[in-house]
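Novice: Give me the fold of what follows.
(2 chains)
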2 protein chains.
Amino acid sequence: MTETPRDIEHLIDLMARLPGLGPRSARRAVLLLLKKRGSVMEPLARAMAQVAQSARECTICGNIGAGEICAICADPARETGEICVVEDVADLWAMERGGAFKGRYHVLGGTLSPLDAVGPDELRIPELLTRVQQEGQREVILALNATVDGQTTAHYIAEALEPSGVEVSSLARGVPVGGELDYLDDGTIGAALRARRKL
Amino acid sequence: MTETPRDIEHLIDLMARLPGLGPRSARRAVLLLLKKRGSVMEPLARAMAQVAQSARECTICGNIGAGEICAICADPARETGEICVVEDVADLWAMERGGAFKGRYHVLGGTLSPLDAVGPDELRIPELLTRVQQEGQREVILALNATVDGQTTAHYIAEALEPSGVEVSSLARGVPVGGELDYLDDGTIGAALRARRKL
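Specialist: Numbers count the residues shown, from 1 in each chain, chains lettered A, B, ... in the order given. Predicted coordinates:
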């Protein structure tokens, strides 16, 4: 007896699986799509089908690009001898938005998590070790999240890289730009104090 | 120099136009889509293309359905002599979820709004008048939002329907089910008091 046609209901269900959308906002989104069929819905359906068809993981670094090898790995200017290890593609994009890093990346695809049965072989850690050996990198920068899982993974990788002799570093901890001490947690303030620099 | 491939960036831009998603959450949504290409992205792209292609406005009531005439208008059991006038399809769906109304609908497609140059002819008000005349409805229930625009529209329609002699009613104002007086605005409490009923 429900009125919504079945294919619209199906579309709402699928939209509701996206992060940031629940059943109610998915319904609103679909209504907007229905209102703007020509200007939003059709282009969106096309763009999505297009990306679903063309996007694939770079076989070298795990980044998502249009071909076998992503634009960063294909760019000779980025062969700086530095690899930046990130948890997932979102972090790679965040690093690229900053624009401060000029080298190449390695996307792990997650963090070690014994409870979820995620070991080194579930991540792209063996590939990282092979890359460092074969490509003769100078430095591996661990840009993992400052969470317990992120730091466990960082330590594991640092240890696994020790025999190769490559330099291993990690992002600095400290007060974020624009941050106010009053709102920072004790751990960050402590880390910023220990890593204080001479003016 | 930005890394995100152009078609993914385009998809993020389109997703960011959806209500409830901004640029940042659109990016997160697209990343999830990329991770779940087979299980979410492809079905979603297909469902969207399918709905964009099949969905259309019912020529009688303005509801969105799969054919010329929506399932409600096509259902003879819903010929009760009552038409429920709603602002848009979302409101029709909300009424249907409640399941209390057994008649047919009329979707206006908005509310009168002189400032935005929305007059009666921009809405489906002439169609409503024709329907009431031709179909010989008994009652028109105005289920418009309790906003200034909604109520202006309701009064305009009530006046326009006066010559036809049809009964015109509107949804009751009062305390919502589960509502606590302490949290209600004065207007609602006043309306509920004026419309009080004998126990």
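Novice: And residue A:43, how close does it get to residue B:14?
Specialist: Per C-beta to C-beta, to the nearest Å, residue A:43 is found 6 Å from residue B:14. C-beta here means a position set from N, CA and C on the backbone, and glycine is covered the same way.
Novice: ok, residues contacting the lowest-mean-pLDDT helix or strand in chain A?
Specialist: Ranking every helix and strand in chain A by mean pLDDT, DSSP states H and E puts helix A:186-194 at the bottom, with a mean of 83. Contact with helix A:186-194 is made by A:173-175, A:181, as judged by C-beta atoms under 8 Å, 6 or more residues apart in numbering or on different chains.
Novice: Can I get the buried ones among those as something I can paste into PyMOL?
Specialist: To isolate the buried ones among those in PyMOL, judged by 16 or more other C-beta atoms under 10 Å in any protein chain shown, type:
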select buried, chain A and resi 174
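Novice: Now narrow the contacts of helix A:186-194 to whatever sits close to chain B.
Specialist: By C-beta under 8 Å from any C-beta of the partner chain, no member of those lies near chain B.
Novice: from the contacts of helix A:186-194, which single one is nearest chain B?
Specialist: residue A:175 (22.7 Å; C-beta to the nearest C-beta).
Novice: re earlier: now for the contacts of helix A:186-194, which pair is the farthest apart?
Specialist: Spanning the widest gap among the contacts of helix A:186-194 are A:173 and A:181, at 14.3 Å by C-beta to C-beta.
Novice: Throw the contacts of helix A:186-194 into a markdown table and include pLDDT and secondary structure, thanks.
Specialist: Shown next, in a markdown table, are the contacts of helix A:186-194 (pLDDT from 0 to 100; DSSP: H, G, I helix; E, B strand; the rest coil):
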| residue | pLDDT | secondary structure |
| --- | --- | --- |
| A:173 | 84 | coil |
| A:174 | 86 | coil |
| A:175 | 83 | coil |
| A:181 | 80 | helix |
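Novice: and which of the contacts of helix A:186-194 is nearest residue A:54?
Specialist: The closest of those, once distances to residue A:54 are taken by C-beta to C-beta, is residue A:173, at 38.5 Å.
Novice: pretty sure the closest one is touching residue A:146, no?
Specialist: Yes: using C-beta atoms under 8 Å, residue A:173 makes contact with residue A:146 at a distance of 6.6 Å.
Novice: Domain map for chain A?
Specialist: Using automatic domain parsing, the domain parsing of chain A gives A:6-54, A:77-170.
Novice: With residue A:196 as the reference, name the closest of those.
Specialist: domain A:77-170 (17.5 Å).
Novice: what about the closest one, near chain B?
Specialist: Yes: with C-beta under 8 Å from any C-beta as the measure, domain A:77-170 is seen reaching chain B through A:88-90, A:92-93, A:96-97, A:99.
Novice: Centre of the chain to that domain, how far?
Specialist: Relative to the centre of its chain, domain A:77-170 is centred 11 Å away, using C-alpha atoms, centre = their mean, to the nearest Å.
Novice: all strands of chain A, in order?
Specialist: Along chain A, counting by DSSP state E, strands occupy A:56-57, A:64-65, A:82-86, A:104-107, A:139-142, A:167-170.
Novice: right, so the ones you listed: which one is the most enclosed?
Specialist: strand A:104-107 (a mean of 26; mean count of other C-beta atoms under 10 Å in any protein chain shown).
Novice: roughly how far apart are residue A:15 and chain B?
Specialist: Remark: distance between residue A:15 and chain B (C-beta to the nearest C-beta, to the nearest Å) = 7 Å.
Novice: give the contact list for that residue.
Specialist: A:21, A:26, A:29-30, B:44.
Novice: returning to that earlier point: could you dump the strands of chain A to TSV with mean pLDDT?
Specialist: Converted to TSV, the strands of chain A look like this (pLDDT from 0 to 100):
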stretch	mean pLDDT
strand A:56-57	88
strand A:64-65	86
strand A:82-86	93
strand A:104-107	94
strand A:139-142	92
strand A:167-170	92
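Novice: can you put the ones you listed in TSV and add distance to residue A:36?
Specialist: TSV is the format used below for those (distance: least, C-beta to C-beta, whole Å):
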stretch	distance to residue A:36
strand A:56-57	30
strand A:64-65	28
strand A:82-86	36
strand A:104-107	35
strand A:139-142	44
strand A:167-170	46
